[in-house]
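**Student:** coords below, sequence missing:
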């Protein structure tokens with residue numbers, strides 16, 4: 001079973017400005033989205049808002065940190081025909097309380113915060129309906145791990161093979177797995193390894209999101225890179 005960890009809220013809020021980045025992730029996930037969704041580690045709801053736009057029947061939002069109150073406030077403002085439920089807890093304590101058996105469970109920049117990630121994936125496999133998908137987005141390469149990772153509670157950064165192996169050991173079939181955002185490796189390495197920064201500023205996120213992401217997205221649409229700042233993986237039960 002996964003252990004409860006402290007999510008560092010304010011340090012991660014800057015990622016809410018990464019609109020193009022989140023749209024790019026969602027585009028990669030879209031073919032595997034079902035109608036009964038669970039988003040684990042929903043934060044303040046920036047990705048949840050996009051999931052509502054996909055018109056699910058059910059959306060369960062799981063968030064253990066102090067960001068939960070902002071999540072409820074933000075998402076309750078949207079008109080949707082979906083049944084939206086909120087859980088101020090971790091997934092392992094929520095899975096048995098879900099109103100519907102999910103066909104899709106989503107982890108965007110969350111699995112790295114969970115010490116027992118193998119146990120978490122086993123619980124996801126147990127919870128999903130047959131044929132359902134687990135959609136995962138995580139940071140890549142321990143060689144990029146720095147003070148910021150430690151500050152926000154990252155237990156690890158992954159390699160693609162490591163994440164695939166952990167998914168398979170939980171019982172999943174890997175249906176998609178790729179490195180993501182090759183260009184982002186270089187500014188990340190400079191800022192967080194060479195300069196040893198431990199902060200993520202909203203201005204920098206906005207600038208990268210506006211100017212670099214659209215170009216990088218086009219490059220990666222046609223070219224397969226052997227590395228990236230992140231990993232995007234789709235597992236099927």
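**Tutor:** Good, I have the coordinates. These numbers come from a predicted model, not from an experiment. Numbering: from 1, shown residues only.
**Student:** For the most centrally placed residue in the chain, which non-adjacent residue is spatially closest?
**Tutor:** Nearest to the mean C-alpha position of the chain, counting by C-alpha atoms, centre = their mean, stands residue 108 at 0.5 Å. In this structure, residue 108 finds its nearest non-sequential neighbour in residue 137, 4.6 Å apart by C-beta to C-beta, 6 or more residues apart in numbering. Yep, even glycine has a C-beta here, placed from its N, CA and C like the rest.
**Student:** and the helix or strand hosting the one you found, which strands flank it?
**Tutor:** Assigned by DSSP states H and E, residue 137 belongs to strand 133-139. Using DSSP bridges, the strands paired with strand 133-139 in its sheet are strand 104-108 (parallel), strand 230-236 (antiparallel).
**Student:** would you list every one of the strands in this protein?
**Tutor:** Residue ranges of the strands in the chain, as given by DSSP state E, are 36-40, 58-62, 83-87, 104-108, 133-139, 173-180, 230-236.
**Student:** Export those to a markdown table and append columns for distance to residue 197.
**Tutor:** Below are the strands of the chain laid out as a markdown table (distance: least, C-beta to C-beta, whole Å):
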| stretch | distance to residue 197 |
| --- | --- |
| strand 36-40 | 27 |
| strand 58-62 | 30 |
| strand 83-87 | 33 |
| strand 104-108 | 22 |
| strand 133-139 | 15 |
| strand 173-180 | 22 |
| strand 230-236 | 18 |
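**Student:** Residue 154: which of those is closest?
**Tutor:** strand 133-139 (6.8 Å; C-beta to C-beta).
**Student:** Kindly calculate the angle that that closest one makes with strand 36-40.
**Tutor:** Computed with axes from the mean of the first three to the mean of the last three C-alpha atoms, to 10 degrees, the direction of strand 133-139 lies at 20 degrees from that of strand 36-40.
**Student:** Strand 133-139 versus strand 173-180: what angle between them?
**Tutor:** Regarding strand 133-139 and strand 173-180, their directions subtend 30 degrees when assessed with the same axes, to 10 degrees.
**Student:** picking up where we left off before, quick one: which of the strands of the chain is nearest residue 218?
**Tutor:** If you check each of these against residue 218 by C-beta to C-beta, strand 173-180 wins as the nearest, at 13.8 Å.
**Student:** what is the rounded mean pLDDT of stretch 134-153?
**Tutor:** In this model, stretch 134-153 has an average pLDDT of 95.
**Student:** go on, stretch 56-64?
**Tutor:** So the average pLDDT for stretch 56-64 ends up being 97.
**Student:** Cheers, nothing more for now.
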